[in-house]
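Asks: give the three-dimensional model of this entry:
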Amino acid sequence: MAETVMLDVSAPDPPPVSAARTPAPPAMTAGLRLHLAVLRMAGRLAVLLEELAPGSEEPAFLRLLAKEAGAGGTDGSVLDLPAAAAAQPVDRVAARLGLDALDLDLLMLAALPGEQEGLAAIVRNLHPEHRPALTGGLVAALAEAGLIGSLPAGTPAGRREMIRERLTSGVLGRSGLVRLDRAAPFAEASFVPGPAVWDALRGEDLWPAGCRPRALPVALVGLGPWASAGAPLAAVEAFRRLEPVVVVTSCARPAAAAARVAALAHLAGRPARVVAHAPAAPGWMSLVALHALARGVIPVVIPDGTDHLDAELDAVPWPVAVCLGEGTSIRSWPRPLIEIPVVPLGLEDRRAAAEATFPELGASARTDGLPVTEPVDFAETATNLRAASRLTGHPCRDRDVRSVLDRLGAPPPTGAIVVHPVATFNDLVVSADVMSQLLEAAARLEHREMVLERWGFLAGRPGREGLRLLFHGPPGTGKTLAGEVLARALGRDLLVVDLSRMVSKWVGETEKHLAATFESAERTGSALLFDEADALFGRRTEVGDARDRYANLETAYLLSRIERFEGLVVLATNLRQNLDGAFARRLDFIIGFDPPDAGQRAQLWRRLLPPGAPLDPGVDLERLAALYAIPGGMIRSAAVSAGYLAAADGCVITAGHLVHAIRREYAKAGQHFPGEPQLGSARQPLPTSPT
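Replies: Have a look, this model is predicted:
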């Protein structure tokens, strides 16, 4: 084909090629501006078709479209200059990727068939497979004729080679702006915009297939200490400077982590967009980054997999955040990677988030018993509950908040039950020495910042922030209750290990369940309670068979893991002598719970019989406490049983009901019942069953 001079096809007397492009009117939308540029490109296609097929009707139609679009640019590109720097998506993309006039014209050519049905029909007739897309050969022919971009002077073959290089290895293809079908020869390969890219450049909120934008509230309260140091602070600075980095989180709740990263972008003064994505092919992350660049937002991606995070991301110099599931990781080299730990909120941060989100609740309701959760959970819960309150007219209550937060939080690991502690030190009836040790243990966690951080004790030691306690003593003496009280005092949830689901007959499964439980407790800031701990923490024995070997492996794993645990863990057992002796040096407190004396038993009776219960005034609780030396657990069961007996009789709780319930507790425990108390000077026996 003979070389021709590039013409302005919309006017009979074209201005010189070196003239500056006409700035677009300030009010022109992104879509209209691109549409007009494509119509101008149609006029240039008309010049080529007139040479290829003289006398056909298509060139006249194309010239008519170009005339409607106006003269446009004359420096080699059909796209008008923006009214302001980076005013529209195409300008942001061009500035960030360094696109020149040739790149912009190639982009307009790729989008040409989709802008007008007549254009699609003409291009389809020119395609060897009758597709509505230009081919590499047709684009090269336009270049040979000097009808696109700012091609340097040279031979037609040189221009064709330049176009081929731009389409196959230039920034347009590497970034995902356009795609060339590499399965076909270059001359017949389809040349189209990347998935939904043209829609994004037009200012439309359309993402590629598989991308699902998610709306999450920006919750900043409670994140201050976490966001102000270390990797989170580095991410904030990277977002502020728009550094091309990959910010990565890995946790059990990727959506909650995405809300945190979006909050970091907000702190940097940048809008963020959370996108759930199912990666299907190489280059998907680059495509997401390109869409985010067009919109001027920080993309926070929650992928369904990480198989295709590759070096193609470097073609789009824009920050990207990826929130992965627990136990997964990615590599982004040579792009810098900032890995952010998603640590649980501290007690003060949680209180601040609750108070800011639910100011209508009382102070005690805001801070008592709320599970450890994310700021985004508070924000979502507030929206849901206030809508229900507005519709029903019922005020929002703290128990409603707790119920919703439980459902939003991550499920507990296999073999553990989440308990929201409600008991306080006032509910404990123990000796003065036991109470003193429990208060000392609680104070350790309250003052660990001063001792460990400021004063530098145990610097660099794993597990230095942990607190490990052993409670031992007969059943029913308050060991489990004391663990709940400690967790409540420290504002933590309690993960109670259920041995029936924790222990598995399959080799390695028990250790896997234990590892998940410890990691969940550290991640959520929960306290751990191993009841009947001797079943797991038993003494190691000589290896006689495979069962002994694997039992010893479980104990050895627990010895190591409990020493590295960065939280509160309580072991409760009735048989301290059955525990492996190596645990003793790893424990911070070993507290023995003795059976209550008569005075403590009387105190327990008074506390466990509620003030609202109809108790016969003649019942002598001190005498019952002196006669029946039972622990607190049996007293609690007896008090409840006596209440049911009295309810069945339709009367008050009498001494007879209480004695009958105590007799049943002795029978359940397999112990001898001491006998019935005597009344008055005649020492008449009390009835042993309700009348």
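Asks: hey, let's count contacts and neighbours off CA atoms from now on
Replies: Fine.
Asks: just the CA coordinates of the longest helix seen in the chain, formatted as PDB?
Replies: Taking DSSP state H as the criterion, the chain has its longest helix at helix 30-52. Extracted in PDB, the C-alpha atoms of helix 30-52 (Å, rounded to 0.1, in the frame of the first residue of the first chain):
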ATOM      1  CA  ALA A  30     -16.000  11.500  30.200                       C
ATOM      2  CA  GLY A  31     -18.400   9.300  28.100                       C
ATOM      3  CA  LEU A  32     -19.200  12.100  25.600                       C
ATOM      4  CA  ARG A  33     -15.600  13.100  25.200                       C
ATOM      5  CA  LEU A  34     -14.500   9.500  24.400                       C
ATOM      6  CA  HIS A  35     -17.500   9.000  22.100                       C
ATOM      7  CA  LEU A  36     -16.500  12.000  20.000                       C
ATOM      8  CA  ALA A  37     -12.900  10.900  19.900                       C
ATOM      9  CA  VAL A  38     -14.000   7.500  18.500                       C
ATOM     10  CA  LEU A  39     -16.200   9.200  15.900                       C
ATOM     11  CA  ARG A  40     -13.200  11.200  14.800                       C
ATOM     12  CA  MET A  41     -11.200   8.000  14.500                       C
ATOM     13  CA  ALA A  42     -14.000   6.700  12.200                       C
ATOM     14  CA  GLY A  43     -13.200   9.500   9.800                       C
ATOM     15  CA  ARG A  44      -9.600   8.300   9.600                       C
ATOM     16  CA  LEU A  45     -10.800   4.800   8.900                       C
ATOM     17  CA  ALA A  46     -12.900   6.300   6.000                       C
ATOM     18  CA  VAL A  47      -9.700   7.500   4.300                       C
ATOM     19  CA  LEU A  48      -8.300   4.000   4.400                       C
ATOM     20  CA  LEU A  49     -11.500   2.400   3.100                       C
ATOM     21  CA  GLU A  50     -11.700   4.800   0.200                       C
ATOM     22  CA  GLU A  51      -8.300   3.600  -0.900                       C
ATOM     23  CA  LEU A  52      -9.100  -0.100  -0.300                       C
END
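Asks: which is the next helix or strand following that helix?
Replies: Using DSSP states H and E, the helix or strand that follows helix 30-52 in sequence is helix 58-69.
Asks: between that following helix and helix 30-52, how many degrees?
Replies: Put simply, helix 58-69 runs at 150 degrees to helix 30-52, going by axes from the mean of the first three to the mean of the last three Cα atoms, to 10 degrees.
Asks: which parts of helix 58-69 are buried?
Replies: 58-67, 69 (16 or more other Cα atoms under 10 Å).
Asks: contacts only, for the nearest residue to Ala120 once chain neighbours are set aside.
Replies: Excluding the flanking residues, the one nearest Ala120 by Cα to Cα, 6 or more residues apart in numbering is Pro113, at 4.2 Å. Residues in contact with Pro113, defined by Cα atoms under 8 Å, 6 or more residues apart in numbering, are 119-121, 123, 132-134.
Asks: quick check: the farthest pair among the residues you listed?
Replies: Ala121 and Leu134 (11.4 Å; Cα to Cα).
Asks: and the two? which has more neighbours close in?
Replies: More crowded of Ala121 and Leu134, by other Cα atoms under 10 Å: Leu134, with 26 against 16.
Asks: so how far is Ala141 from the more buried one?
Replies: 11 Å (Cα to Cα, to the nearest Å).
Asks: any stretches of the stretch 451-600 of the chain with poor pLDDT?
Replies: Counting by pLDDT under 70, the stretch 451-600 of the chain has low-confidence residues at 460, 500-501, 505, 507-508, 535, 537-554, 578, 580-583.
Asks: from Pro334, how far off is Pro232?
Replies: Distance of Pro232 to Pro334, computed by Cα to Cα: 21 Å.
Asks: and the two? Which one has more around it.
Replies: The neighbour comparison of Pro232 against Pro334 (other Cα under 10 Å) goes to Pro232, with 22 against 11.
Asks: let me see the domain layout of this protein.
Replies: Following automatic domain parsing, the chain resolves into domains at 30-201, 211-339, 347-410, 425-592, 598-685.
Asks: pLDDT of the helix or strand hosting the residue nearest to Ala120, averaged?
Replies: Here Pro113 sits within helix 101-115, counting by DSSP H and E. Per-residue pLDDT over helix 101-115 has a mean of 93.
Asks: angle of it against helix 30-52?
Replies: With the same axes, to 10 degrees applied, the angle from helix 101-115 to helix 30-52 works out at 90 degrees.
Asks: against which helices or strands is the helix or strand following helix 101-115 packed?
Replies: Using DSSP H and E, the next helix or strand after helix 101-115 towards the C-terminus is helix 117-126. Helices and strands touching helix 117-126, by 3 or more Cα pairs under 8 Å, 6 or more residues apart in numbering; DSSP states H and E, are helix 101-115.
Asks: for the longest helix of the chain, buried residues please.
Replies: 30-31, 33-49.
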